[in-house]
Every structure is written in C-alpha cells, then in structure tokens.
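[1] Sequence and computational prediction follow.
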Amino acid sequence: MALRLRKLSYALGAEVCDIDLTQPLSEDCVGDIRRAFLEHNGLLLFRNQRIGPAQHIAFSRRFGELDRHESVPRDRHPEHAEILVVTNEPDADGEPSNSRYTGQLWHSDLGFTLRPALGSLLRAVAVPPVGGDTLFANMYAAYDALSAGMQSLISGLCGIHTQQRRHVSADWQAESSRLNPPVAHPLVRIHPETGRKALYVGEPVKRIEGLSDAESAPILEVLMAAAIRPQGGYRHQWQVNDLVFWDNRCTNHQALGDYDSAERRRMERTTLVGEPSGHLASGA
Ligand code: OGA
Ligand code: MN
C-alpha cells in the first residue's frame, strides 16, 4: 500500500499519515519511507506513535547503523546507548540537566565529529504546553540561493566545526573538548543518495580553514544568511508521541528553547551513522 503523505511546508517535510510503528513494517513500506525521505528534502513526521525506546531503536535500525553516542557519552540513555536524551529534567543528584540546552543553535547533528550523522529520529516524550518548537532548514535550498560566484568561491573550502553548548558544567565541556577536537568539513557537500549539493555551515562553524577569523567572518555571515531564510524552513510544533526523522546531510535544525523552564520537556533521539567526512583541523 502506498504511503499517504501530507506536505508540511513548501521547503521541506512531509507527514506520513496512517502508519503504526508498533506494527511490523514490510521491506516495501520501509523502501517507500526511504524514498519519501529523500523526495521531501529530508524530513518526515510520524504522529501519535505510542512506542518506547526499544521500538524507537528497532524502527531506526531499518534505515542504517545506529550511533552509540561515544562523542556525547553523558547524554546517553542509561539503558540504551543508542538513545540520546534531551531533557530539562534534573539529574538523579538534583543537578540541572546538561542536555537542557541541547540543539539551541543552528546545526547538523554530530558535525563536530569525523562521522557526521546521516539522520536523526527524535521522539517527543514530554512537551511543554506552549513553545519548545524546533526549526528546520533545507540546506539544498540554501546552496541554491547563493550566486554562482559565491558557489564557486566556497567550492573546495572547509569550515571548522567545534562542539559547544551553553550553560553546561565545566567538566562536561572539558570532557567534550577532549573527545571532540575541532574538525574541518567541506562547506559544500554532495548528498550521497540524491547527488544534490547542500550547504554545510551552522553556528558551530567558527572559521574557514586556511583563512583568518577576519577573512572568514563575512563569508560565514553570508552563508548563514542563506541558511536561515524563512522560506527555506519548517517549524515543528511538537506533540507528545511525535517522531521526526530528518536528514542531517541536507538539513539544519535549531531547538528554540522558548518555553517555561518549570514545564517538563523530554525528547529521545536515535542517530544514524553517516559516512566519514573531513579531517582534524590542524592549528585551529
Ligand atoms: C537534537 C536536537 C532539538 C530539540 O536532538 O539533535 O537538536 O528541539 N534537538 O530538542
Ligand atoms: Mn541536533
């Protein structure tokens, strides 16, 4: 049976309607999902899915190998290394959660590693009554929005990516910097499945390799402006039991974090391992 899809915005995204992820899915159905994922520029929404961590993991595995989150070990689910937790629930010892500000900048997942994520599947477990949306951007469209001159200027250049998060404990940041030294990835990447060019910049990209800070800044500013054009975006308003599956190879996202911190927000993510990319940034 063909999937019933509903487009979420002009730029990217579709909801997959009439699907129950608690039921076994045929290979054909998984193939249809994979095609819809590529066709709708790398974002699919599955609503009202009453699944737990084990089913979340099993569904994600149908699309590839799962990351065990070695680059962010403290954010792992205590029982499932394949699940990364994004929550404002305090830690067991009462300390504020280090993941409460996760994703609150424009980024693509695991860009600070030499194996950036192929895709992420984020499940809403608890959401505040208002706010806490996530923005997504189509990075093919961002690339296409550049002039031919700028496209040729940045071809062959690499951006230096670092892992950073606001308001984390000093030992969290120290461990993260040790595990994740700065890496350089091409500013333009070719999507391995669609063959299309996508811009690869985000707020964690602080400099262009081989250029000074002063030389990099105006170029990065122009690229980021192309990457955050509202017409290139989709804003997701979460409901409990939503599962959003995005392609980190052609989209960026940002958690807005605009909600009452007294309200509970808990998200769980699986991450599909991507292809090796880039190199350690020397002298960054
Ligand atoms: C992530 C992320 C956004 C959010 O899990 O990769 O960026 O809205 N989360 O929680
Ligand atoms: Mn993210």
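    Here it is on my side, so go on. Residues are numbered from 1 along each chain as shown. Ligands and ions are numbered 1, 2, ... in the order given.

[2] ok, the residue in the stretch 101-250 of the chain that ligand 1 sits nearest to - contacts?
    Across the stretch 101-250 of the chain, the shortest distance to ligand 1 (CB to the nearest ligand atom) belongs to G103, at 2.3 Å. Every residue, glycine included, has its C-beta placed from N, CA and C. Contact analysis of G103 by CB atoms under 8 Å, 6 or more residues apart in numbering lists 86, 134, 253-255.

[3] which of these tops the neighbour count?
    Counting neighbours by other CB atoms under 10 Å, H253 leads those with 24 neighbours.

[4] I figured it was touching H107, is that so?
    Yes. Look at H253 against H107 with CB atoms under 8 Å: they come within range, at 7.0 Å.

[5] hang on, N180 packs against L110?
    No. The pair N180 / L110 is not scored as a contact, 9.3 Å apart, by CB under 8 Å.

[6] Identify the contacts common to these two.
    Counting by CB under 8 Å, 6+ apart, the contacts common to N180 and L110 are S71.

[7] Between the two, point out the one with more neighbours.
    When N180 and L110 are compared on other CB under 10 Å, the one with more neighbours turns out to be L110, at 25 against 18.

[8] tell me the phi and psi of that one?
    Note on L110: backbone dihedrals following degrees, to the nearest 10 are phi 60, psi 30.

[9] likewise S155?
    Per-residue torsions, S155: phi -70, psi 130 (degrees, to the nearest 10).

[10] and it, what does it touch?
    Taking CB under 8 Å, 6+ apart, we find S155 in contact with 187-188.

[11] so where's the stretch 101-250 of the chain shaky on pLDDT?
    Applying pLDDT under 70 to the stretch 101-250 of the chain flags no residue at all.

[12] Show me where it has its strands.
    Taking DSSP state E, counting those that start in this stretch to define them, one finds strands in the stretch 101-250 of the chain at 119-126, 134-138, 158-161, 183-186, 188-190, 197-199, 205-208, 233-236, 243-247.

[13] hmm, who's touching the fourth one?
    The reference is to strand 183-186. Strand 183-186 is contacted from outside by 111-114, 116, 156-161, 200, 209, 277-281, 284, using CB under 8 Å, 6+ apart.

[14] Name the residues of this protein found near ligand 1, please.
    Counting by CB under 6 Å from any ligand atom, the residues of the chain close to ligand 1 are 86, 102-103, 109, 120, 122, 134, 253, 255, 267, 269.

[15] and ligand 2, which of these contact it?
    Residues of these in contact with ligand 2 (CB under 5 Å from the ion): 103, 109.

[16] Switch the residues of the chain next to ligand 1 over to JSON lines; also include distance to G94.
    Formatted as JSON lines, the residues of the chain next to ligand 1 follow (distance: CB to CB, whole Å):
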{"residue": "V86", "distance to G94": "19"}
{"residue": "T102", "distance to G94": "20"}
{"residue": "G103", "distance to G94": "24"}
{"residue": "D109", "distance to G94": "29"}
{"residue": "S120", "distance to G94": "29"}
{"residue": "L122", "distance to G94": "26"}
{"residue": "T134", "distance to G94": "28"}
{"residue": "H253", "distance to G94": "30"}
{"residue": "A255", "distance to G94": "24"}
{"residue": "M267", "distance to G94": "21"}
{"residue": "R269", "distance to G94": "24"}
